[in-house]
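Chemist: A predicted structure for the sequence below; I have some questions about it.
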Amino acid sequence: MNWLERMDPRRSWLSFLWAAGLSLTILFVILDPSPSRGLSIGARFAFWALHILVPLALAQACQLTLPAISLGFANIWASLAVAGIAASAIFAPVALALDVAFSATGGLAQSERFKLAEVLDEWLNLAPPVMLVWIGLNALRFLRLPAVASPLEPALPESPVHPKFMERIPTTRRGQLVAISAELHYLRVYTTMGDALILQGFGEALSELSLQAGLQIHRSHWIDPSFVTGLSRDGERMEVSLSTGLVLPVARSRRTEVTTTLERIAKP
């Protein structure tokens, strides 16, 4: 994925998150609800940017942390809800401090310490909107009606590697598996029919793949070596080119393994 694609909110989750956060910030600046009323437009923008972008960043961090501490959920909606609630709990004391810093609520003096009851009350107010926004933004990315193939269409080619996550790819893009890439808690799946973004961890996806079928070239990228058309170096950077036009980086620690594997495959 080149830099233009990485900046495209339709393709990159991180760009989508930034675009959504900035859009919500602008909306709140225009609406000017009571918490920011009386602030200058610059202070109002900073106030709502911090109140929106920080919780989104915390929700993303919580979403990535849950599986790492063995709190993965089979139901993705439950996982998103827990991440949103956890993010709001972390953000609650920060929100109180922001209210004081911007003098938006006037409820606390600068010298006053926050009491546990105040933090708890702030959390209870924050949890529903943060959770719902986090679920909603993720739903916009991965909630898709399954594509139904017409009985007149030829069957799509089956991939030699057929992990479970391929069943979540739209039928029109479910060709042979070429590569997968991690995008935070999302997985970009590249096939001979295109690519798709699904909500799944990279490590979980690797566990579904046959160890003999592919090659992990980077902490965030896996490829099927049979689709490699070239290996290039540019200074300290090494990249593999695939027959679909995709170009992916090779981690320094994996260069020897990648080079050896590709040379072995290239031999008649």
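Modeler: Structure's in. What do you need?
Chemist: packing partners of the host helix or strand of Glu122?
Modeler: Take DSSP states H and E as the rule and Glu122 turns out to sit in helix 116-142. Applying 3 or more C-beta pairs under 8 Å, 6 or more residues apart in numbering; DSSP states H and E, one finds that helix 116-142 contacts helix 13-31, helix 41-68, helix 76-101, strand 194-199. C-betas here are computed from N, CA, C, even on glycine.
Chemist: may I see these organised as a markdown table, with mean pLDDT and distance to Thr172 added?
Modeler: Shown next, in a markdown table, are the helices and strands packed on helix 116-142 (pLDDT from 0 to 100; distance: least, C-beta to C-beta, whole Å):
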| stretch | mean pLDDT | distance to Thr172 |
| --- | --- | --- |
| helix 13-31 | 92 | 21 |
| helix 41-68 | 92 | 28 |
| helix 76-101 | 92 | 22 |
| strand 194-199 | 86 | 8 |
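Chemist: tell me how far the nearest residue to Leu120 once chain neighbours are set aside lies from Gln60.
Modeler: In this structure, Leu120 finds its nearest non-sequential neighbour in Ala92, 7.7 Å apart by C-beta to C-beta, 6 or more residues apart in numbering. Going from Ala92 to Gln60 by C-beta to C-beta, to the nearest Å gives 18 Å.
Chemist: pull the contacting residues for the residue lying closest to Leu24 once chain neighbours are set aside.
Modeler: Excluding the flanking residues, the one nearest Leu24 by C-beta to C-beta, 6+ apart is Ile52, at 5.0 Å. Residues in contact with Ile52 (C-beta atoms under 8 Å, 6 or more residues apart in numbering) are Gly21, Leu24, Thr25, Phe28.
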